[in-house]
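*Asks:* fold the following.
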Amino acid sequence: MPAEFSDLPLDLLPAIFQHIQRPSDFTTVARVSKAFHSFSVPFLYSEIRVYQWHIEWKDKIVKLFDTLSSHPELAQYVKTLVLREFPRQTYGTAAATNLETAVLSALPNLKSLRSLSWTRDGTLTSPYLERISEHCQQLQTLEVNGHSANYYDPRLLLNFKHLENLTVIMPDRAFVDCFEEWIRQNGAGLRTLSLFSKQSPLLNDATMEHLASLAPHLKHLHLLGNPRVTHRGVASISSSCVELEALYIEGTEFDMQALSTLVSSSPFPALTSLSLTLPTSSSPITFFDGVYSVFRTSPLTEFTIWRAGGDVSNLKSSIIPIDFIRSFLLVHGERLQKFAVQRLETTMEVIEEVTKRCPKLEKFFIVLGPCDMDDLASHLRRLTHLHTVHISYTFTNRNPIVAVPPSSSVAHESHSSVRFVKQCPPSLRIIGFMTRVYEVRRKWILLNKDPVEWKDEPVVTLERYSGQAIPEAFLVMKA
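*Replies:* Below is the predicted model:
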């Protein structure tokens with residue numbers, strides 16, 4: 001007698017459910033049966049994200065905290081809470097009072113919360129921070145807006161004694177002062193630090209030296225838009241944070257050649273991920289020579305390079321030197337799993353070198369000028385592990401591959417983008433064109449049941465990206 005779907009061992013459900021991405025799919029699964037409901041609800045509430053582009057996001061915020069407040073049995077499942085947007089209510093109004101009451105009531109119920117992102121300027125308050133520090137004892141990751149003036153007391157940061165990962169956006173002077181005190185108390189446990197500002201002078205080489213001496217086990221450092229951090233500050237990180245695995249220095253220009261003279265003969269011995277900004281004030285050749293010299297001995301698996309500024313109409317003066325590519329890939333190519341270029345034209349010569357020398361490459365982000373897309377596909381076919389490709393164009397490129405029109409959620413085989421994907425390796429799962437990202441779907445068609453006969457090739461379609469997290473191509477923050 002053939003087995004029924006209901007005969008599936010319940011222990012397998014978590015392994016199946018972990019591959020579901022969209023919350024709407026979990027709500028559907030939860031209505032299948034009581035058993036499915038009991039297993040799917042923890043997945044549904046484990047990760048909650050709210051972005052401004054979500055339909056009626058303000059109402060969703062209110063309903064979310066009403067639910068977490070009135071149903072602690074559901075709130076206990078929340079492990080990740082990402083609030084990229086939060087309503088700015090007029091103080092004293094009924095709506096503001098009701099929302100504040102719901103939030104203050106819900107926060108004590110988030111006892112399993114491990115990661116919190118609350119980044120909209122002017123929406124985080126002292127009462128909220130007090131509740132979070134008091135009740136969310138498992139919190140390990142915190143991302144906040146550092147503009148504290150008139151909104152919250154930055155000294156409340158000192159109440160968070162078990163954080164391993166901290167991200168601060170636009171810190172003001174009061175926050176920076178408290179941050180330095182927090183580092184003195186908790187630096188030994190810090191593993192990830194991200195400091196994002198907009199050409200702020202508050203964070204400098206002295207800050208980096210202070211950090212390096214007090215956070216020896218730091219593994220991930222991301223600096224964006226901190227012009228007072230120079231090669232001296234980076235050198236202090238190199239000498240003290242020998243466990244550092246990821247270094248992102250973006251929107252900040254510093255002398256790479258000078259750094260090469262300050263660091264040891266084998267700096268950053270554990271570094272696997274590197275992201276840098278091409279400076280506009282020095283020669284690209286000199287910069288890339290310094291990159292090769294400093295990071296030659298690091299065991300890199302991910303490399304990102306991008307140019308600051310929004311105009312990509314004239315990139316010819318900022319093309320990556322092919323000699324650097326060849327030397328860099330000769331050292332790192334066998335290990336590289338990600339190679340990303342932002343706001344720099346990627347010539348076909350560079351693409352050919354990358355696809356020939358990086359057999360393990362999984363992620364490839366490029367900026368194309370005029371080129372033959374069939375030639376591009378032929379190069380990409382060499383990458384048998386390729387999972388994600390994102391293609392941007394210079395303004396001079398009038399390539400026929402275009403994104404799916406906004407009114408369509410699926411691109412079928414007649415569309416030029418799908419025809420291109422079919423020429424790429426079958427391992428490809430995510431493809432992006434400019435500001436659009438799609439999931440590659442392959443469906444095998446059964447032609448006959450007896451005897452069993454399948455269509456020679458799968459039917460390929462592109463569907464709108466459905467993951468909750470922002471696609472990786474858009475996580476490169478540009479100052």
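
*Asks:* how about the strands of the stretch 301-450 of the chain, start to end?
*Replies:* 302-307, 338-342, 363-368, 388-393, 410-411, 430-433, 436-443, 446-449 (DSSP state E, counting those that start in this stretch).

*Asks:* to clarify, my last question referred to the stretch 51-200 of the chain.
*Replies:* 80-83, 115-118, 141-145, 165-169, 192-196.

*Asks:* adjacent strands (with direction) for the second one?
*Replies:* Each strand pairing with strand 115-118, determined using DSSP bridges, is listed with its direction: strand 80-83 (parallel), strand 141-145 (parallel).

*Asks:* now the angle from the last one to strand 165-169?
*Replies:* Angle of strand 141-145 versus strand 165-169, following axes from the mean of the first three to the mean of the last three CA atoms, to 10 degrees, is 10 degrees.

*Asks:* tell me how far strand 141-145 lies from the chain's centre.
*Replies:* Taking CA atoms, centre = their mean, to the nearest Å, one finds the center of strand 141-145 at 15 Å from the center of the full chain.

*Asks:* buried sites along it?
*Replies:* By 16 or more other CB atoms under 10 Å, the buried positions in strand 141-145 come out as 141-145. In this view, the C-beta of every residue, glycine as well, is placed from N, C-alpha and C.

*Asks:* neighbouring contacts of that strand?
*Replies:* 114-124, 160, 163-170, 192, 194 (CB atoms under 8 Å, 6 or more residues apart in numbering).

*Asks:* follow-up on the earlier one: JSON lines for the strands paired with strand 115-118, including distance to Gly290?
*Replies:* Formatted as JSON lines, those follow (distance: least, CB to CB, whole Å):
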{"stretch": "strand 80-83", "distance to Gly290": "36"}
{"stretch": "strand 141-145", "distance to Gly290": "31"}
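
*Asks:* could you dump these to a markdown table with distance to Cys241 and mean pLDDT?
*Replies:* As requested, the strands paired with strand 115-118 are exported to a markdown table (distance: least, CB to CB, whole Å; pLDDT from 0 to 100):
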| stretch | distance to Cys241 | mean pLDDT |
| --- | --- | --- |
| strand 80-83 | 26 | 95 |
| strand 141-145 | 19 | 96 |
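
*Asks:* nearest to Met256, of the ones you listed?
*Replies:* strand 141-145 (28.9 Å; CB to CB).

*Asks:* now do that closest one against strand 192-196, angle only.
*Replies:* Using the same axes, to 10 degrees: strand 141-145 against strand 192-196 is 10 degrees.

*Asks:* right, and Leu361 touches Leu336 too?
*Replies:* Yes. With contact defined as CB atoms under 8 Å, Leu361 reaches Leu336; the gap is 5.9 Å.

*Asks:* still on that earlier bit, of the strands paired with strand 115-118, which is nearest Trp454?
*Replies:* Of all the strands paired with strand 115-118, strand 80-83 comes closest under CB to CB, at 39.7 Å.

*Asks:* what does that closest one contact?
*Replies:* Under CB under 8 Å, 6+ apart, the answer for strand 80-83 is 46-50, 61, 110, 113-120.

*Asks:* please apply the same query to stretch 371-384.
*Replies:* Residues contacting stretch 371-384 (CB under 8 Å, 6+ apart): 348, 351-352, 355-356, 358-359, 361, 364, 368, 386, 389, 397, 399-401, 420, 423-425, 427-428.

*Asks:* those, buried ones only, as a ChimeraX selection?
*Replies:* To isolate the buried ones among the contacts of stretch 371-384 in ChimeraX, judged by 16+ other CB under 10 Å, type:
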select :351,352,355,358,361,364,368,386,389,397,399,401,420,424,425,428
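
*Asks:* ok, and what's touching stretch 274-283?
*Replies:* Applying CB under 8 Å, 6+ apart, the set of residues contacting stretch 274-283 is 246-256, 284, 287, 291, 295, 298, 300, 302-309, 318, 340, 344, 476.

*Asks:* quick one, which of those residues are buried?
*Replies:* Going by neighbour count (16+ other CB under 10 Å), these have 246-256, 284, 287, 291, 295, 298, 300, 302-308, 318, 340, 344, 476 buried.

*Asks:* how far away from the center of its chain is stretch 64-80?
*Replies:* Centre to centre, stretch against its chain (CA atoms, centre = their mean), the figure for stretch 64-80 is 26 Å.

*Asks:* buried set for it?
*Replies:* 64-66, 68-69, 75-80.

*Asks:* and Ala188, how many neighbours does it have?
*Replies:* 11 (other CB atoms under 10 Å).

*Asks:* which ones are touching it?
*Replies:* Taking CB under 8 Å, 6+ apart, one finds 214-217 in contact with Ala188.

*Asks:* just Asp177 next, same as before
*Replies:* Asp177 touches Pro154, counting by CB under 8 Å, 6+ apart.

*Asks:* that one and Pro154, how far apart?
*Replies:* Distance check for Asp177 against Pro154: by CB to CB, to the nearest Å, it reads 8 Å.

*Asks:* sorry, back to before: with the buried residues of stretch 64-80 in mind, which one is nearest to Ala149?
*Replies:* Scanning the buried residues of stretch 64-80 for proximity to Ala149, where the rule is CB to CB, the winner is Phe65, at 25.3 Å.

*Asks:* need the nearest residue in space to Gly122, chain neighbours excluded.
*Replies:* Tyr151 (5.6 Å; CB to CB, 6 or more residues apart in numbering).

*Asks:* Tyr438 and Glu463 touch, don't they?
*Replies:* Yes. Between Tyr438 and Glu463 there is a contact at 6.1 Å, judged by CB under 8 Å.

*Asks:* any common contacting residues for the two?
*Replies:* Ala411.

*Asks:* more crowded one of these two?
*Replies:* Tyr438 (25 against 13).

*Asks:* does the nearest residue to the more buried one once chain neighbours are set aside sit in a helix or strand, and which one?
*Replies:* Sequence neighbours aside, Leu462 is the residue nearest to Tyr438 in space, at 4.0 Å (criterion: CB to CB, 6+ apart). Element membership of Leu462, judged by DSSP states H and E, is strand 459-464.

*Asks:* quick one: list the elements packing against that strand.
*Replies:* strand 410-411, helix 416-423, strand 436-443 (3 or more CB pairs under 8 Å, 6 or more residues apart in numbering; DSSP states H and E).

*Asks:* any regions of the stretch 51-200 of the chain where pLDDT drops low?
*Replies:* By pLDDT under 70, the weakly predicted segments of the stretch 51-200 of the chain are 89-92.

*Asks:* rerun at 80
*Replies:* Across the stretch 51-200 of the chain, the ranges flagged by pLDDT under 80 are 53-54, 89-92, 199-200.

*Asks:* now do the helices in the stretch 51-200 of the chain.
*Replies:* 57-70, 72-75, 94-106, 126-135, 173-186 (DSSP state H, counting those that start in this stretch).

*Asks:* can you say which of the ones you listed is nearest to Ser240?
*Replies:* helix 173-186 (12.8 Å).

*Asks:* now that closest one against strand 192-196, angle please.
*Replies:* 170 degrees.

*Asks:* may I see the buried residues of helix 173-186?
*Replies:* 174-176, 178-180, 182-183, 186.

*Asks:* mind putting the residues you listed into TSV with distance to Lys449?
*Replies:* Output for those, formatted as TSV (distance: CB to CB, whole Å):
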residue	distance to Lys449
Ala174	71
Phe175	66
Val176	69
Cys178	69
Phe179	65
Glu180	70
Trp182	65
Ile183	66
Asn186	63
